[in-house]
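Novice: Any chance you could fold what I've pasted below:
(one chain, ligands or ions: 2)
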Amino acid sequence: MSMVQVELPDGSTKEVPEGSSPKDIASSIGERLARQSVAARVDGKLVDVTYPLHQNCRLELITLNSPEGLEVYRHSAAHLMAHAVKELYGEDVQVTIGPAIENGFYYDFYSDTHKFTPEEFDKIEAKMAELAKMDLPVEREEMSRQSAIELFRSLGEQYKVELIEDLAEETVSIYRQGTFVDLCRGPHLPSTGFLKAFKLTSVAGAYWRGDERNAMLQRVYATAFPDKKELRAYLHKLEEARKRDHRKLGKELDLFSFSEEAGAGLVIWHPKGALLRTLLEDFEKREHLKRGYDIVMGPQILRTDLWKTSGHYDNYRENMYFTEVEGQSYGIKPMNCLSHMLIYRSHIRSYRDLPLRFFELGTVHRHEKSGVLHGLTRVRGFTQDDAHILCTPEQLDGEIKGVLEFVSDVMGKFGFEYELEISTRPEKAIGSDQDWDRATNALMSALKDTGLPFEINEGDGAFYGPKIDVKLKDALDRRWQCATIQCDFTLPDRFDLTYVGRDGEKHRPVMVHRVILGSIERFIGVLIEHYAGNFPLWLSPVQAVVVNVTDNQAEYAEEIFRRLRAEGVRVKKDLRNEKLGFKIREAQLEKIPYMLVIGDKEVEQGTVSPRHRSGKNLDSMAPEDFVAFVRRECMEYR
Ligand SMILES: [Zn+2]
Ligand SMILES: [Zn+2]
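Specialist: Ligands and ions are numbered 1, 2, ... in the order given. You can find the predicted model right below:
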């Protein structure tokens with residue numbers, strides 16, 4: 001019997017009889033590994049665990065607990081769903097494609113007689129469970145293109161025929177399980193019995209091949225996990241995310257809206273939302289001033305010639321809006337850098353003036369395709385907490401560290417954990433080796449100083465400089481891009497920025513673009529979901545509501561309301577002639593942190609009795625003590 005040498009990732013080699021499969025090798029290592037292995041990579045190519053090995057090779061087993069293993073698992077679940085659908089509806093439904101996606105998978109079906117609805121999901125899941133229980137082997141078969149076309153034509157699967165006709169390969173692979181057959185590259189789980197936990201989640205329309213001139217298909221979304229516990233945890237998270245959806249809460253709490261009349265992706269802030277945003281912006285201004293930033297402001301439109309100087313016209317034009325006034329073309333700013341460059345250039349700068357840190361709550365407009373717009377998190381007009389730091393090369397280290405400390409302080413106040421990534425020099429780049437080394441080292445050393453782990457995206461930086469990205473983790477463990485720290489070697493050149501050094505000569509300053517929260521709109525969207533609308537006291541647009549029990553206390557309640565408002569507490573009153581329970585329920589729906597219920601006792605004693613939205617009561621206190629309490633809480637960002 002001839003033998004083949006198989007090299008494993010740990011560098012060891014196994015000698016096995018020719019024709020052995022990755023599964024055989026997994027079994028020779030351990031039963032557990034064999035059970036966990038769902039595919040393999042042979043000399044870099046993904047294959048089934050049953051793939052016969054005919055020559056010496058490198059082998060990597062792919063287990064269920066890896067992202068690739070999970071993808072194989074979910075794609076196999078997509079076959080199972082299509083199999084179940086074919087069993088249930090036969091020729092009424094044609095199959096098209098069914099890939100794994102983030103958090104699950106989908107399958108696109110065509111039918112002009114059957115319309116999928118969530119009501120039949122149970123039935124499809126039951127059929128899937130039945131087919132999984134039968135533990136049908138999933139078998140790969142290779143055949144000529146022509147035979148495959150004939151096979152799928154005989155099955156009445158026109159979409160599959162069309163797919164194969166477009167393939168360049170002469171040989172194609174199909175996978176069979178029981179009566180079901182699908183065109184597929186693989187790899188797949190060895191049998192349907194591997195699939196333990198799956199759930200259909202929604203159905204939506206999708207054009208065949210994403211082209212609106214083509215037929216409308218029905219896309220059934222679903223998810224699958226290696227065990228039922230993980231599936232339950234995921235579904236719970238999905239439900240929680242649905243409840244916290246900032247688009248839903250934004251409407252319920254009357255924070256903002258969008259209007260087709262105004263245009264898609266353009267936020268309209270209602271009083272409470274605008275107040276929330278103002279609180280956040282005031283916070284930002286204070287924090288920037290504390291750290292030696294100068295607040296600046298530039299115009300909303302700038303001449304197109306200036307966008308040519310900056311390079312935006314050549315590289316970013318398709319995302320910009322333009323307008324014309326008196327024959328002069330202007331670009332609406334998609335970024336805030338340009339006026340900051342002009343401010344720098346408005347004086348002769350000496351090394352003694354540096355670093356300069358220009359901060360602007362800059363509103364920008366960028367064209368996003370309507371299909372990707374999403375609540376506050378993807379919009380066309382938004383405001384960045386943007387700053388540009390201009391410094392000497394020697395100062396860069398300290399500046400980057402300062403920004404990362406800033407990020408850490410701010411994220412701490414909101415209770416966010418975060419992850420860090422650095423992107424380094426790409427193949428095509430401008431700037432000298434010395435520039436890149438200095439900037440990359442400054443970013444690296446600042447990252448190491450944080451003591452937090454970080455990821456390195458080798459070669460992923462912009463052509464004009466390396467950068468650090470910060471991704472925060474919200475209460476549902478989702479990641480959101482917030483801070484970015486980007487070094488830039490082009491703008492100082494293009495705007496010919498200089499400073500006079502100690503040697504009396506002109507030098508180029510180093511430039512850093514940075515944001516801390518990023519887009520204020522997106523950050524508020526994230527905050528709404530993170531807090532589930534229960535903003536901490538310092539961020540609540542309404543901090544307290546004064547509620548009287550009966551008309552007898554109306555006068556005193558009115559007086560309390562006025563005193564608190566005059567002292568700067570964000571307070572509202574509800575003195576309507578309604579049942580107390582009704583008024584309390586309404587205040588709870590509004591998620592107002594404190595309710596001040598005024599009864600006879602409060603009137604007699606001249607006090608208020610604050611009740612927190614969590615149900616916790618504070619002791620009765622004098623109104624001025626409540627004012628002091630609110631101020632203290634806000635100072636501590638609670
Ligand atoms: Zn497949
Ligand atoms: Zn910038």
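
Novice: Find the residue at the geometric middle of the protein.
Specialist: Trp480 (4.3 Å; Cα atoms, centre = their mean).

Novice: name the element it belongs to?
Specialist: strand 479-488 (DSSP states H and E).

Novice: which parts of the longest helix belonging to the chain are buried?
Specialist: Ranked by residue count and defined by DSSP state H, the top helix of the chain is helix 67-89. For helix 67-89, a neighbour-count test (16 or more other Cβ atoms under 10 Å) marks 68-87, 89 as buried. Using the backbone N, CA and C atoms, a C-beta is placed for each residue, glycine as well.

Novice: can you check stretch 88-103 too?
Specialist: Tyr89, Val93, Gln94, Val95, Thr96, Ile97, Gly98, Ala100.

Novice: Ok, stretch 314-334 next?
Specialist: Met320, Tyr330, Gly331, Ile332, Lys333, Pro334.

Novice: For those residues, name the two members farthest from one another.
Specialist: Greatest spatial distance among the buried residues of stretch 314-334 (Cβ to Cβ): Tyr330 and Pro334, at 12.7 Å.

Novice: looking at this, Ile174 is in a strand?
Specialist: Yes - membership of Ile174 in a strand is supported by DSSP: H, G, I helix; E, B strand; the rest coil.

Novice: What's opposite it in the beta bridge?
Specialist: Glu141, Leu183 (DSSP bridges).

Novice: Now for it: which residues touch it?
Specialist: Residues counted as contacts of Ile174 (Cβ atoms under 8 Å, 6 or more residues apart in numbering) are Arg140, Glu141, Glu142, Met143, Ala148, Leu151, Val181, Asp182, Leu183, Cys184.

Novice: for Asn214, same thing?
Specialist: Applying Cβ under 8 Å, 6+ apart, we find Asn214 in contact with Tyr207, Trp208.

Novice: How many residues are close by the residue of the stretch 251-400 of the chain found nearest ligand 2?
Specialist: Closest residue of the stretch 251-400 of the chain to ligand 2, Cβ to the ion: Cys337 (3.4 Å). By the measure other Cβ atoms under 10 Å, the count of residues near Cys337 is 22.

Novice: What distance do you get for it to Tyr316?
Specialist: Distance of Cys337 to Tyr316, computed by Cβ to Cβ, to the nearest Å: 11 Å.

Novice: again with Ala77
Specialist: 41 Å.

Novice: can you list the residues of the stretch 201-350 of the chain near ligand 2?
Specialist: With Cβ under 5 Å from the ion as the criterion, the stretch 201-350 of the chain meets ligand 2 at residues Cys337.

Novice: who's in contact with the residue of the stretch 251-400 of the chain closest to ligand 2?
Specialist: Contacts of Cys337 by Cβ under 8 Å, 6+ apart are Ser310, His388, Leu491, His513.

Novice: re the thing from before, looking at the buried residues of stretch 88-103, which one is closest to ligand 2?
Specialist: Using Cβ to the ion, the buried residues of stretch 88-103 come closest to ligand 2 at Ala100, 37.5 Å.

Novice: and the contacts of Ile174 as a markdown table, adding distance to Leu517 and pLDDT?
Specialist: As requested, the contacts of Ile174 are arranged in a markdown table below (distance: Cβ to Cβ, whole Å; pLDDT from 0 to 100):
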| residue | distance to Leu517 | pLDDT |
| --- | --- | --- |
| Arg140 | 50 | 95 |
| Glu141 | 54 | 95 |
| Glu142 | 54 | 94 |
| Met143 | 56 | 95 |
| Ala148 | 53 | 96 |
| Leu151 | 56 | 96 |
| Val181 | 52 | 95 |
| Asp182 | 46 | 95 |
| Leu183 | 47 | 94 |
| Cys184 | 44 | 94 |
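
Novice: Output the buried residues of stretch 314-334 in a markdown table, with secondary structure and pLDDT appended to each entry.
Specialist: Output for the buried residues of stretch 314-334, formatted as a markdown table (DSSP: H, G, I helix; E, B strand; the rest coil; pLDDT from 0 to 100):
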| residue | secondary structure | pLDDT |
| --- | --- | --- |
| Met320 | coil | 96 |
| Tyr330 | strand | 98 |
| Gly331 | strand | 97 |
| Ile332 | strand | 97 |
| Lys333 | coil | 97 |
| Pro334 | coil | 96 |
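
Novice: tell me which of the residues you listed is nearest to Arg576?
Specialist: The closest of these, once distances to Arg576 are taken by Cβ to Cβ, is Ile332, at 45.4 Å.

Novice: Pull the contacting residues for the closest one.
Specialist: Counted by Cβ under 8 Å, 6+ apart, Ile332 has contacts Gln300, Ile301, Met320, Tyr321, Phe322, Thr323, His365.

Novice: beta partners for the fourth one?
Specialist: By that I understand Tyr321. With DSSP bridges as the rule, Tyr321 is bridged to Ile332.

Novice: With the last one instead?
Specialist: Bridge pairing for His365 (DSSP bridges) gives the partners Gly381.

Novice: For ligand 2, see how far away the residue lying closest to Asp449 once chain neighbours are set aside is.
Specialist: Nearest residue to Asp449, sequence neighbours excluded (Cβ to Cβ, 6 or more residues apart in numbering): Lys401, at 5.9 Å. Relative to ligand 2, Lys401 is positioned 20 Å away (Cβ to the ion, to the nearest Å).

Novice: What is the neighbour count of Lys401?
Specialist: 16.

Novice: Which of the three states applies to it?
Specialist: Assignment for Lys401 (three-state DSSP): helix.

Novice: and it, what does it touch?
Specialist: Here Lys401 is in contact with Ser445, Ala446, Asp449 (criterion: Cβ under 8 Å, 6+ apart).

Novice: For the stretch 451-600 of the chain, which residue gets nearest to ligand 2?
Specialist: His513 (3.4 Å).

Novice: Now do the same contact list for that residue.
Specialist: Going by Cβ under 8 Å, 6+ apart, the list of residues near His513 reads Cys337, Asp386, Ala387, His388, Thr484, Ile485, Gln486, Asp488.

Novice: how near is it to Asp449?
Specialist: 21 Å.

Novice: isn't Glu368 right up against Thr377?
Specialist: No - under the criterion of Cβ atoms under 8 Å, Glu368 makes no contact with Thr377, lying 10.9 Å away.

Novice: got the CA positions of stretch 322-339 in PDB?
Specialist: This file holds the C-alpha atoms of stretch 322-339, laid out as PDB (Å, rounded to 0.1, in the frame of the first residue of the first chain):
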ATOM      1  CA  PHE A 322     -21.800  70.600  -5.000                       C
ATOM      2  CA  THR A 323     -23.500  73.900  -5.600                       C
ATOM      3  CA  GLU A 324     -22.900  77.000  -7.700                       C
ATOM      4  CA  VAL A 325     -23.300  80.600  -6.700                       C
ATOM      5  CA  GLU A 326     -22.600  83.500  -9.200                       C
ATOM      6  CA  GLY A 327     -20.800  81.200 -11.600                       C
ATOM      7  CA  GLN A 328     -18.500  80.000  -8.700                       C
ATOM      8  CA  SER A 329     -18.500  76.300  -7.900                       C
ATOM      9  CA  TYR A 330     -18.600  75.300  -4.200                       C
ATOM     10  CA  GLY A 331     -18.400  71.900  -2.500                       C
ATOM     11  CA  ILE A 332     -20.400  71.200   0.700                       C
ATOM     12  CA  LYS A 333     -17.800  69.900   3.100                       C
ATOM     13  CA  PRO A 334     -17.600  66.100   3.600                       C
ATOM     14  CA  MET A 335     -14.700  66.700   6.100                       C
ATOM     15  CA  ASN A 336     -13.600  69.600   8.300                       C
ATOM     16  CA  CYS A 337      -9.900  69.600   7.600                       C
ATOM     17  CA  LEU A 338      -9.700  72.500   5.100                       C
ATOM     18  CA  SER A 339     -10.600  75.500   7.200                       C
END
